[in-house]
Each structure stands twice: as structure tokens, then as C-alpha cells.
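A.B. asks: Take this sequence and fold it.
(chains A, B, C and D)
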There are 2 protein chains.
Amino acid sequence: METLMAAAASRCPVLSQASAASRETLMRHALLRHVERGTCIFSHGAAAESGYILMGGWIKITRTQPCGAISILTLHAPGETFGFADSIRRLPRSATAEAATDCTILSVSARSICQTMRSDSSFGNAILSHSFQQNDSLLQQLEALKIFSGIQRLACFLLRHAKPGNGRHIVRLPFHKHLVAHYLGLKPESLSRSLAKLKEYGVRTVPDGIEISNPGALEALIGETSDIRHREIA
Amino acid sequence: METLMAAAASRCPVLSQASAASRETLMRHALLRHVERGTCIFSHGAAAESGYILMGGWIKITRTQPCGAISILTLHAPGETFGFADSIRRLPRSATAEAATDCTILSVSARSICQTMRSDSSFGNAILSHSFQQNDSLLQQLEALKIFSGIQRLACFLLRHAKPGNGRHIVRLPFHKHLVAHYLGLKPESLSRSLAKLKEYGVRTVPDGIEISNPGALEALIGETSDIRHREIA
DNA sequence: CGCCCTCTTGAACCAGTTCAAGCGCAGTGG
DNA sequence: CCACTGCGCTTGAACTGGTTCAAGAGGGCG
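C.D. replies: Reported below is the predicted structural model:
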């Protein structure tokens, strides 16, 4: 158990920047949990009592409109953290977190986070730089939504998640395509069609995921934007 | 001049949370500038040497793809800050900042920001909470892009920027509609058409901006999302 | 006045949605 | 063992929101 915690600490970019002493403090009040797919970790509007570190699996962060429409804001991979901002500010949850796959998560109490931030300035810096990074990835998503078409966004997504595996690049999708579609701002049907179109670019659906035989082609696809008209805007 | 600086400090949510002493330090190396519309404050890839506090006017933050397509990531109103993240991290600029109108800006050297962060923990907290807020607004933008139509996004934008002026709500648009369109992820023509459609909802273009006679109607428009199908997703 | 620039309008077009049907597969129960 | 059912995914056809390209209206300015 203790070793697992240590492993957590070294994997997580936030924790790894904290001093050994503060890691110790944080871990004393941390809780390791396994949850299965679909489990709600916290929900929009609830009181924020913990920050979470994702050890395994994928988490989706969503928000639901009064009318019932759901938007998927972010997806988190192992090693990433989520739910820190709310708990540090002690505000109600600004969104809902749900396990997109079976997950292993480490929850750290808000109180110990705040305490550690006060006592260990390097931990504070880690939190800040983490927030900046989150910001960057949101900006990237925004950019993609504003100027790329659905197919281009899909190509981006595939390239970003591709792991080079013996020669070819493979994207493992441990969760439903539903989820990917919504994350990309598409309907499932459109995603399916987009994937079909990407066959010409060397993208094939294989048993254990999606295979990319020619990453260069995808990059070229992203590069060519139809919207050349607005090179210059006031 | 000094009084103007003081005014700056009290207006800006980041500075106002800093101690008097750190404000003093920051202001000693601050520089007040007036720039006219179209001036580039900093550009993507350049070294980040300052954070900026916007005293008057509007700033747009953009990013340009290799192919020449430009996306407008954020718009900043008076009182807001921009360019802090890059300068604190000492990374190259992650985007370009340009004056969308004539602007008055206060630039604070990266060095004095970092110095102050080290000496005054409440300033560090202010920066952190600022980053969190930025995060929130990006999430809101993302959400809007993923589930709202262009007209709904426009309605959101109008409501958010409406100032109640003697009975009726008025949105002052000091900059080109071009800019608003791109910010909303639309083409100028589409924005124009959307505005035309919003006439039925009590939105009129008046000499000094856009008038909203019935905010409730706009809220209702945002509330009704066609995409009810996906109330429940895995 | 004529020129430039912003914004609007119109008509054809395209990406993505909607609704509906069909496929393949796992789980269930006869 | 095979039919039955439910679910995720794909495919097809009609439709819609937004884009594209082109033309025109209005306003400020030399």
C-alpha cells in the first residue's frame, strides 16, 4: 500500500514536485479507491472536499445544461489530476466527474492540500504550473473547435493519443466511441463517418483499437485548412 | 501618474489582493502605455518578459496555424490581466496578444512578478485564483461551442456583456463584428444573419451598440437545446 | 464626389445532424 | 444448442445550420 502511494507520487507531475515531507502529509490523508465504469466521483454543485489523482483508467469531466444536454469538457488519463481547483477554492464543484472506464483513484482531502500549500511553497508552485498546463490544453481544444472541421479534430485526437507500438502507431480506445464523439463536439454517427473517411489516410479499425499507418498524412490533413480567407483580420 | 497606478491596483482583481508592499514593488517596475487598435502587444513564440494589466480597451488573444488560419482564443475587458502565465513560467509566448481597440495597458516585468510571488504568498494565491478563473471561463467557452448553436452562443455573448442602461440593456461593441464572429467560432456573415434572427427575440442594432429589450427571451433561447437525445450517455 | 471599409443580403453549396434501419456480438433463457 | 434480446456501432437518406462567393447598402474621410 505504502509503496503504491510512493509510486503515485512519482508518477503524478503535481506530487513529484512537492517535498518529501509534504508528500508524506498528503498521503497520510489520502485514500486509494477502485471504482468501476460509470461511477460518479463528484457532481456539479456538490461541496468539494477532495482533489483526485488518477492512477489508472480514464475520467471524464462533464457539465449538464438545465435542459439536459451534456457536454464533455475534458478527459483525463492516468497520472493526471482533477478536481483540485474547486477544492482549493472551496467552491461547489463546477462540473461533474465520472469514471469513463474502471479506474484507480487517489483522493486527497482539500484540507491537507491547502495546508500543504501554505507550508511548502514548491507544492504551491506545482499546483500553479498544473493549472497553467490545464489552461494550455483547454486553449488547444478551443482552437481546434474554432478552426478545424470534425475530421481534422479527430485526426488531432488520434495523433495525440497514438502510442508507437512495434512499427505502427496504435490508439487504444478503452472507452466507447460515444464518448470520443462528444468530446470532439460531434455526434456518434458523425464520428463513425469521419473514421470511415480517414481510411484513405491510413487509419484502420483493428481489434484492439485504431491503427495509424501514416501519421504524416494525418498531419497534412490538419495542416490544410480551408479557411484561408481570414489570414488578415482586424 | 502615481495615482493612476494606485487606481490600477485597486481595479485589478489580481493586484488588489496583493499586499501594499508588493504592489509598491510591482509598480516600481511597471510601465503604463497607450496603444492604438491593431498594435501587437506580444506575439506567439517570442520570449515572455512581462505580464499585462488592462486598464482600458479590449485585448484579443489569438493563435495562428501554420496554414494561416487564425483563431481568437479569448477577449479581455478592462481590469483583466493577460500574459501572466507565460511570463511566470518563463516560456515562449503561447499565443499572440493584440489591441482590439485603443488600449491603456500596464506592463509588469516578469522578474518583479516572480520576485513578488516568492516574497508575498497572498500575491501567489491571487495569481493562482486568477488562473483558476481563467480556467472557468475557458470551460464555459468550450461548453458553449460543444452544445450550443451559433445563435445560442451569440445570445450568451450578448447577455454576458449586457450592461443595464436606463431601463433597457445595452451591449456596447467597441470593436468590429468580425472579431465577435471569430470569437464565437462563426464567420462574419453568419453572425450578421444570427443577429437578424435575434430581432424576433427583442434584439435591435442601435447607433451605439446592440439593445436587448427582453433578456428573458434570450435566456429561454439558450435553455432550449435541440440535442435532448443525449440526456443519458455512458 | 469617389474611395475604402464594414456590414448586410442573396443563392448555391457542404459539413454535420437527425431519424431510421441494419449489422455483429455478448448475454440470457428456453 | 440456438433463438431472442439489448447494445454499440455503422450506414443510408433527408434535412439544417453555417459557409462560400458575390453583390450591394451605408458611412466616414480625403
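A.B. asks: if I read this right, residue A:29 contacts residue A:110, doesn't it?
C.D. replies: No. The criterion here is CB atoms under 8 Å, and residue A:29 misses it with residue A:110 at 9.8 Å. The way it works is simple: take the backbone N, C-alpha and C, and place the C-beta from them, glycine included.
A.B. asks: Can you pick out the residue with more neighbours from those two?
C.D. replies: Neighbour totals were compared for residue A:29 and residue A:110, and residue A:110 leads with 21 against 16 (other CB atoms under 10 Å in any protein chain shown).
A.B. asks: wait, isn't that one in contact with residue A:50?
C.D. replies: Yes. In terms of CB under 8 Å, residue A:110 counts as a neighbour of residue A:50; the distance is 5.9 Å.
A.B. asks: shared neighbours of these two, anything?
C.D. replies: Common contacts of residue A:110 and residue A:50 (CB atoms under 8 Å, 6 or more residues apart in numbering or on different chains): residue A:87.
A.B. asks: Spell out the residue ranges of the helices in chain A.
C.D. replies: A:2-11, A:20-28, A:84-89, A:110-119, A:121-147, A:150-161, A:177-183, A:188-197, A:215-223 (DSSP state H).
A.B. asks: for those, which one sits closest to residue B:67?
C.D. replies: Residue B:67 lies closest, by CB to CB, to one member of the helices of chain A: helix A:215-223, at 5.4 Å.
A.B. asks: is it true that residue A:151 touches residue A:196?
C.D. replies: No. Using CB under 8 Å, residue A:151 is not in contact with residue A:196; the gap is 10.1 Å.
A.B. asks: what bits of chain A have low per-residue confidence?
C.D. replies: When residues are selected by pLDDT under 70, those of chain A lie in A:1-6, A:8, A:165-167, A:225-234.
A.B. asks: what residues does it put near DNA strand C?
C.D. replies: Proximity of chain A to DNA strand C, by CB under 7 Å from any atom of the strand, involves residues A:149-151, A:185-187, A:189-190, A:193-194, A:234.
A.B. asks: now, which of these lie close to DNA strand D?
C.D. replies: A:189, A:193.
A.B. asks: Using PyMOL, make a named selection holding only the buried ones among the residues of chain A next to DNA strand C.
C.D. replies: To isolate the buried ones among those in PyMOL, judged by 16 or more other CB atoms under 10 Å in any protein chain shown, type:
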select buried, chain A and resi 150+151+185+186+187+194
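A.B. asks: what residues does stretch A:148-156 touch?
C.D. replies: A:144-145, A:184-186, A:190-191, A:194-195, A:197-198, A:201, A:218-219, A:221-222, A:225-226.
A.B. asks: Apologies, that question was intended for stretch A:121-129.
C.D. replies: A:13-15, A:17-19, A:22, A:84, A:88, A:113, A:116-117, B:88-89, B:118, B:121, B:124, B:127-128, B:131.
A.B. asks: Quick one, which of those residues are buried?
C.D. replies: A:14-15, A:17-18, A:22, A:84, A:88, A:113, A:116-117, B:88-89, B:124, B:127-128, B:131.
A.B. asks: how close does the residue most central in space within chain A sit to chain B?
C.D. replies: For chain A, the residue sitting closest to the mean C-alpha position, by CA atoms, centre = their mean, is residue A:76 at 2.4 Å. As judged by CB to the nearest CB, to the nearest Å, residue A:76 and chain B stand 14 Å apart.
A.B. asks: again, but for residue A:107
C.D. replies: Separation of residue A:107 from chain B (CB to the nearest CB): 19 Å.
A.B. asks: Spatially, what comes nearest to that residue if we skip its sequence neighbours?
C.D. replies: Distances taken as CB to CB, 6 or more residues apart in numbering or on different chains place residue A:50 nearest to residue A:107, at 4.3 Å, with adjacent residues excluded.
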